[in-house]
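sequence-free structure coming up:
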Ligand code: NIG
Ligand code: FE
């Protein structure tokens with residue numbers, strides 16, 4: 001079964017060999033999809049025949065967004081904490097414990113339903129690949145069911161074994177880390193692709209972070225880190241040392257952090273919706289980009305710091321608050337996210353890529369930042385399948 005999309009006014013391929021600039025832009029283009037993959041890209045006037053045809057009528061087509069950082073396995077919500085923050089309370093890592101209590105008390109079905117609800121939101125807003133973390137269980141039993149649910153519904157599952165020391169380990173974070181290394185990682189690693197830890201004051205120290213990440217890596221998991229979100233700690237340097245695919249947040253970086261990232265293959269994933277929702281400092285994206293660091297953008301959907309699934313919102317925010325160009329922001333939300341997940345099949349639209357694409361109700365991708373808050377996502381195609389006729 002093949003599908004052609006013709007009369008694309010502006011096609012973002014993210015393949016500089018196919019079109020103009022880093023985004024590989026083509027005008028009046030078409031593409032053909034077969035068995036879930038892109039098999040042809042070129043001028044609309046020369047599009048080969050396909051079983052089905054979709055007329056884009058001059059609209060822009062972009063690769064589906066790749067979300068490399070989300071926390072969807074949770075119960076409850078924290079609107080009251082948000083209100084307290086907006087009326088003067090600072091954000092601290094401790095709020096995570098409220099969600100841990102609610103998550104532990106929830107059934108598997110309730111947790112899975114929450115994940116699928118949020119994945120539906122992501123998809124309707126144009127995201128076709130989602131990484132999903134555990135981290136609101138923090139017992140072997142609750143992390144195991146969290147990571148299993150994440151794996152079942154999302155594209156990539158991450159064991160966030162060290163999110164915050166749970167209440168029963170208050171003042172005994174080292175004991176918690178020992179339990180994570182001896183019991184949680186062996187039980188959960190077969191169900192996850194990644195290990196993650198929150199290296200921060202109020203969460204885990206550099207030594208504790210390193211112990212968890214090294215144990216995860218020894219169990220065959222790829223490494224990612226919540227690093228330098230609230231303070232300039234050692235998270236980024238630990239991530240680079242352990243060849244993390246991505247270090248995430250990166251709001252407080254030293255020159256040494258930026259240099260280390262620039263000389264590595266570790267991606268800096270920026271999550272400006274979390275900084276927006278906590279009124280914390282935004283990361284300095286220009287400093288990273290100018291140093292040659294690969295930058296990804298994520299929405300970081302979670303009930304505490306960033307309860308949004310909208311990558312278009314993140315792009316608009318990145319352009320305004322992080323001073324990224326619209327092209328940089330789109331690249332970081334698509335191919336940048338794929339790099340952060342070390343995936344080579346998504347985030348671009350040239351022959352061989354998974355056919356994940358979004359038809360915008362707009363003539364250009366520029367409208368994602370130019371028309372903030374407007375629902376511009378029309379059809380969303382994932383693996384060649386049409387998820388929503390707009
Ligand atoms: O990515 N930084 C730690 N983890 C989440 C926040 C989780 C929460 O507050 O529930 C984040 O922002
Ligand atoms: Fe996070």
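Perfect, I can see it now. None of the values given here were measured: they were computed from a predicted structure. Ligands and ions are numbered 1, 2, ... in the order given.

Could you pick out the residues of this structure near ligand 1 for me?
Applying Cβ under 6 Å from any ligand atom, we find that the chain lies next to ligand 1 at 71, 95-96, 99, 198, 226, 229, 274, 300, 302-306. The way it works is simple: take the backbone N, C-alpha and C, and place the C-beta from them, glycine included.

just the residues you listed: which has the poorest pLDDT?
pLDDT across the residues of the chain next to ligand 1 is lowest for residue 95, at 85.

A helix includes that residue, no?
Yes: the assignment for residue 95 is a helix, going by DSSP: H, G, I helix; E, B strand; the rest coil.

what's the distance between it and residue 82?
Distance, residue 95 to residue 82, using Cβ to Cβ, to the nearest Å: 10 Å.

ok, now residue 288?
From residue 288 across to residue 82, the span is 28 Å (Cβ to Cβ).

the more surrounded of those two?
The neighbour comparison of residue 288 against residue 82 (other Cβ atoms under 10 Å) goes to residue 288, with 23 against 19.

Name the residues that touch the helix or strand where that one lies?
Residue 288 belongs to helix 285-290 when elements are defined using DSSP states H and E. Identification of contacts with helix 285-290 by Cβ atoms under 8 Å, 6 or more residues apart in numbering yields 250, 253, 258, 261, 268, 270, 295, 318, 322, 323, 324, 328.

For that helix, buried residues please.
Using 16 or more other Cβ atoms under 10 Å as the test for burial, helix 285-290 gives 285, 288, 289.

Please apply the same query to stretch 374-382.
Within stretch 374-382, the residues that count as buried by 16+ other Cβ under 10 Å are 376, 377, 378, 379, 380, 381, 382.

So residue 153 versus ligand 1, what's the distance?
19 Å (Cβ to the nearest ligand atom, to the nearest Å).

Which residue is the nearest non-sequential neighbour of that residue?
Using Cβ to Cβ, 6 or more residues apart in numbering and skipping residues adjacent in sequence, the residue nearest residue 153 is residue 115, 4.9 Å away.

wait, is residue 237 part of a strand?
No: counting by three-state DSSP, residue 237 falls outside a strand, being helix.

about what we covered before: inside strands: which ones of the contacts of helix 285-290?
Using DSSP state E, 268, 270, 295 are the members of these that sit in strands.

Any chance of these in a markdown table with pLDDT and neighbour count as columns?
Below are these laid out as a markdown table (pLDDT from 0 to 100; neighbours: other Cβ atoms under 10 Å):
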| residue | pLDDT | neighbour count |
| --- | --- | --- |
| 268 | 98 | 31 |
| 270 | 99 | 31 |
| 295 | 98 | 25 |
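
which among these gets closest to residue 11?
Nearest to residue 11 among the ones in strands among the contacts of helix 285-290 is residue 295, at 22.9 Å by Cβ to Cβ.

Taking the stretch 1-150 of the chain, what residue is nearest to ligand 1?
Nearest residue of the stretch 1-150 of the chain to ligand 1, counting by Cβ to the nearest ligand atom: residue 96, 4.3 Å away.

in the helix ranked longest in the chain, what's buried?
In the chain, with assignment by DSSP state H, the single longest helix is helix 108-124. Neighbour-count burial for helix 108-124, counted by 16+ other Cβ under 10 Å, picks out 111, 112, 114, 115, 118, 119, 121, 122, 123, 124.

OK, contacts around the closest residue to the residue of the stretch 1-150 of the chain closest to ligand 1 other than its chain neighbours?
Distance criterion Cβ to Cβ, 6+ apart; nearest residue to residue 96, sequence neighbours excluded, is residue 164 at 4.4 Å. By Cβ under 8 Å, 6+ apart, the contact set of residue 164 is 93, 94, 96, 97, 100, 138, 198, 202, 203.

Would you mind writing the ChimeraX command to select the buried ones in those residues?
Selection command for ChimeraX covering only the buried members of the contacts of residue 164, criterion 16+ other Cβ under 10 Å:
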select :93,96,97,100,138,198,203
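
with the buried residues of stretch 374-382 in mind, which one is nearest to ligand 1?
Closest approach between the buried residues of stretch 374-382 and ligand 1, by Cβ to the nearest ligand atom: residue 377, at 23.9 Å.

Which residue, other than its chain neighbours, is closest to the closest one?
Residue nearest to residue 377 in three dimensions, not counting chain neighbours: residue 126, with 4.1 Å by Cβ to Cβ, 6+ apart.

Verify the contact between the one you found and residue 357 for me.
No: using Cβ atoms under 8 Å, residue 126 makes no contact with residue 357, being 9.3 Å away.
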